[in-house]
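Enquirer: Okay, sequence plus prediction incoming.
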Protein chains: 2
Amino acid sequence: MDLGVIVSDLPTEKDFIRVFSDVFRLKNKPILSGSEFDDCAALRLDSFAQNLSAESLTFSTDSVRESTDFPSGMTLWQKGWMAAAVNLSDLAAMGSKPIAFLFSAGLPRGFTLENAEELARGIQECVSFFGAEVIGGDTEFNDELTITGTVIGITENKNLILRKNARPGDLLCATGFPGSAGVALSVLLNEINIRVEAGESVSDSTADSTADSTSDSTAVSNSISDSGLDSISVSDSFLKNLTEPFPRIFEGMMLAKSGAVNSMIDTSDGLASSVYELSALSGVFFEIDEQSLPQDGEALEILSNHLKNNQYKQNDQNETNFTDEQIAAQARDLLIHEALYTGGDYELLFTIPAGKLSLVEELFKKFNENAISDAISDTASRFEGLSSTGKSGRYPCKFTVIGKAIAEKENVIVRQAGLNSQRQPLLKIGYDSFKKYI
Amino acid sequence: MDLGVIVSDLPTEKDFIRVFSDVFRLKNKPILSGSEFDDCAALRLDSFAQNLSAESLTFSTDSVRESTDFPSGMTLWQKGWMAAAVNLSDLAAMGSKPIAFLFSAGLPRGFTLENAEELARGIQECVSFFGAEVIGGDTEFNDELTITGTVIGITENKNLILRKNARPGDLLCATGFPGSAGVALSVLLNEINIRVEAGESVSDSTADSTADSTSDSTAVSNSISDSGLDSISVSDSFLKNLTEPFPRIFEGMMLAKSGAVNSMIDTSDGLASSVYELSALSGVFFEIDEQSLPQDGEALEILSNHLKNNQYKQNDQNETNFTDEQIAAQARDLLIHEALYTGGDYELLFTIPAGKLSLVEELFKKFNENAISDAISDTASRFEGLSSTGKSGRYPCKFTVIGKAIAEKENVIVRQAGLNSQRQPLLKIGYDSFKKYI
């Protein structure tokens, strides 16, 4: 008959709910009740839908948690942002417009109300940046920080893009620079010893990044510079490829509206995994041309420096064996590997009929020109305020044809070997939450 | 550059998704895509909504997990059922009709595909019993079984019931037998030593439950019978008050439609906690008359036997001090305490103007008469198939006036002391996930 209640000054569930409610204070009048008052939120249909017979709601749910999704060094703001972003990315892949977001937060021992506020601000800024509202939540104690989000969107039925409709002859296209998140993860897991530069830097940075750099930097690890090796500098904005995933909501909506796209998926589990998904559901097979994969300049530089240092150590600190050109080629290979088989990028992978290519190219050109002022007009002001994410590295949104549907009955990677190209089976490897724990 | 992939025969994320998809195979054609194919589910608006300008969607999210929500002995089917039920109960409290359910399941090491199927069946049977469909999910590895659900419902705007609209003069009403789940929890936490009777028994059972009972029983603990004390038998169906919460969806919809209800909430955190919620949001205060609280016969019997055994032990196994009448009074007191301050009941607490009482009584009378065949017509057949929950103990749904709005500026419990009644402040105590872990 124990009540299980111990009086203390630690925050209660209601305290946390109050903090969350303050951050998520609803601005949208058509929401009849937000969940700061009731266990349910209520959202008037006519506040977001125009036509019952022509529209569908879209739903997705996804979880993130401390031990598996938050590399060390992430702020609570970033953890909140990520919890929302990974859900929004699923909507982006259907070309759907986000309306509302709910979350269930498991908070660990010692979590303060200030912590809760920072976490909530990360969620709030991501959700509102992409045009939706946080309408409900739930919180309880947990052994580690765990956030499960659910996102609700709306799409015109005729614009709904599924994975299963890839067609023979389709071109395979991707946004962004695949592999960047994977390289950032290696950095944060200390597989690459780096120091992080404070302040923003563009993702194609070519700044000299040796140990005697005079920029304001944070030494994440001194092990390399102590040993006389070059330390590898990584910009804050590069790490955000991993820690502040940027769901391609506006790009997905644009593509859905274009009528040019047959199938679409996000790349959160890696390019190869996503190709296998489209392939399995559509009954169409693809080749990826590795030469066509766009590569981020800073990612290449990080990998090159890492390779040089490794060689230096392996050779007992004598001269390296490889020329700069050879090192660069190895770095490109490593980055291709990251792009194909590592998750975390949250870019879009989609297929279009070859005849629609110029239309889609034109759309992306216009989209990027207007990215801030027009194409995402009602959220333009949010770009300015979003100092901790910023727009650098996110726009312009790179659009690349990386492969095509093929006649063979397997998915293929076209590799460059000198002047010749080799066709190899694409490995069916990607992020799998269960495999990591065997 | 570690891929983090280890080849093994253990199930992968996709294996679990396949099992879940098989269980949740969508029957509803208007669902354009279930999430076995895409990260998002898509649901045609016209498949569930009639009138854009007159209806609202309702949403709620809630988590359950092994260490805090599943007392030992619960089956995976029950854990799945509970994960859905706790979410549906939030909709019930708004009088909303459930449409769809999504969940994110964290599965622990060693979880098999057969385990996943049993869990999924529990979710599926609860969701479909109450007229909705499982449209999406997500699964990943976790240290312990954790299920976060999100439920989506629909309500006519004019029928939406909120917590904040309780009015002076309102009667305070409750469904069910508050405290039953609390007593069941004490049993499962071994605070009461019992043996569980196999098979169904009605909740107002008055069967003799001494150690020499001949019924087919499972000895959960022999400590009492070994010591010569009466062992306390508890029916399977009584424990289901806790382990298979039965959201009052149909009752909530009926109440919403009646126009008689001013405010409503579920009692998942205990009666007192729910009264404080209604009070805080409505600015109206209440008294609960403890004499009016309905008490479950089996709950009283369990508590009486527990009290007798405790006395026996305390008195060094001599005769007891108290008469049967005194023991019965103590048991009633204990059960009142459980009803007010312990969670887990998932019944409805609502307020109505006094003038609407006969209308609501009549509605419940008809509802109960028709509970299986008419009032929930399209789900009637599900009652028959639902052997592991069954309808015993759930219907008829008890409806009781347990108190009223008062002029005082605090919430009050009216206690019976002999022939006199005493007014005492209602304690602001209830289930709080955070308090338990201080």
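Expert: Done, it's in.
Enquirer: From here on, just use CA atoms for contacts and neighbour counts.
Expert: Noted.
Enquirer: shaky segments in chain A?
Expert: By pLDDT under 70, the low-scoring segments of chain A are A:1-9, A:26-39, A:193-231, A:312-320, A:371-393, A:433-438.
Enquirer: Can you give me every residue that contacts the residue nearest to residue A:66 when sequence neighbours are not counted?
Expert: Computed as CA to CA, 6 or more residues apart in numbering or on different chains, the closest residue to residue A:66 that is not its neighbour in sequence is residue A:145, at 5.3 Å. Residues near residue A:145 by CA atoms under 8 Å, 6 or more residues apart in numbering or on different chains: A:65, A:66, A:105, A:106, A:107, A:108.
Enquirer: Over to residue A:149?
Expert: Neighbouring residues of residue A:149 by CA under 8 Å, 6+ apart: A:61, A:62, A:63, A:83, A:84, A:87, A:101, A:102, A:103, A:104.
Enquirer: can you tell me which of these are in helices?
Expert: Taking DSSP state H, the ones among the contacts of residue A:149 that sit in helices are A:83, A:84, A:87.
Enquirer: Could you measure from the first one over to chain B?
Expert: Taking CA to the nearest CA, to the nearest Å as the measure, residue A:83 falls 13 Å from chain B.
Enquirer: returning to that earlier point: out of the contacts of residue A:149, grab the one that's most surrounded.
Expert: residue A:84 (33 neighbours; other CA atoms under 10 Å in any protein chain shown).
Enquirer: circling back: closest to residue A:140 among the contacts of residue A:145?
Expert: In terms of CA to CA, no member of the contacts of residue A:145 lies closer to residue A:140 than residue A:106, at 5.1 Å.
Enquirer: how about the closest one, secondary structure?
Expert: For residue A:106, the assignment made with DSSP: H, G, I helix; E, B strand; the rest coil gives strand.
Enquirer: so what's it bridging to?
Expert: Beta-bridge pairing of residue A:106 under DSSP bridges involves residue A:140, residue A:146.
Enquirer: give me every residue that touches it.
Expert: By CA under 8 Å, 6+ apart, the neighbours of residue A:106 are A:139, A:140, A:141, A:142, A:143, A:144, A:145, A:146, A:147.
Enquirer: ok, 7 Å please
Expert: A:139, A:140, A:141, A:142, A:145, A:146, A:147 (CA atoms under 7 Å, 6 or more residues apart in numbering or on different chains).
Enquirer: swap in residue A:424?
Expert: Going by CA under 7 Å, 6+ apart, the list of residues near residue A:424 reads A:412, A:413, A:414.
Enquirer: check which helix or strand covers residue A:335.
Expert: In the assignment (DSSP states H and E), residue A:335 maps to helix A:324-341.
Enquirer: For that helix, which outside residues touch it?
Expert: With CA under 7 Å, 6+ apart as the test, helix A:324-341 has contacts from A:178-179, A:182-183, A:270-272, A:290, A:300, A:303-304, A:307, A:429-430.
Enquirer: Just the buried ones out of the residues you listed, please.
Expert: A:178-179, A:182-183, A:270-272, A:290, A:300, A:303-304, A:307, A:429-430 (16 or more other CA atoms under 10 Å in any protein chain shown).
Enquirer: With secondary structure and distance to chain B added, can I get these in TSV?
Expert: Output for the buried ones among the contacts of helix A:324-341, formatted as TSV (DSSP: H, G, I helix; E, B strand; the rest coil; distance: CA to the nearest CA, whole Å):
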residue	secondary structure	distance to chain B
A:178	coil	15
A:179	coil	11
A:182	helix	8
A:183	helix	8
A:270	coil	11
A:271	helix	14
A:272	helix	13
A:290	helix	18
A:300	helix	13
A:303	helix	10
A:304	helix	13
A:307	helix	11
A:429	coil	8
A:430	coil	8
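Enquirer: now, which of the contacts of residue A:424 sits nearest chain B?
Expert: Distances from chain B to the contacts of residue A:424, taken as CA to the nearest CA, are shortest for residue A:413 (17.8 Å).
Enquirer: Where does that closest one sit: helix, strand or coil?
Expert: The three-state assignment at residue A:413 reads strand, by three-state DSSP.
Enquirer: residues in contact with it?
Expert: Residues near residue A:413 by CA under 7 Å, 6+ apart: A:287, A:288, A:289, A:290, A:423, A:424, A:425, A:426.
Enquirer: Now that we have these, which of them are buried?
Expert: A:287, A:288, A:289, A:290, A:426.
Enquirer: For the third one, which non-adjacent residue is closest in space?
Expert: Translated: residue A:289. Ranked by CA to CA, 6+ apart and with sequence neighbours excluded, the top spatial neighbour of residue A:289 is residue A:414, at 4.8 Å.
Enquirer: And the helices in the stretch 251-400 of chain A, which stretches?
Expert: A:271-282, A:297-314, A:324-341, A:357-369, A:380-385 (DSSP state H, counting those that start in this stretch).
Enquirer: Show me which residues of the stretch 251-400 of chain A sit near chain B.
Expert: residue A:342 (CA under 7 Å from any CA of the partner chain).
Enquirer: Which parts of chain A belong to which domain?
Expert: Following automatic domain parsing, one gets these domains for chain A: A:12-159, A:161-431.
Enquirer: most packed of the ones you listed?
Expert: domain A:12-159 (a mean of 22; mean count of other CA atoms under 10 Å in any protein chain shown).
Enquirer: Export the buried ones among the contacts of residue A:413 as a markdown table, with columns for distance to residue B:348.
Expert: Output for those, formatted as a markdown table (distance: CA to CA, whole Å):
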| residue | distance to residue B:348 |
| --- | --- |
| A:287 | 58 |
| A:288 | 57 |
| A:289 | 60 |
| A:290 | 60 |
| A:426 | 56 |
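Enquirer: Show me what residue A:234 bridges to in the sheet.
Expert: Taking DSSP bridges as the rule, residue A:234 bridges to residue A:196.
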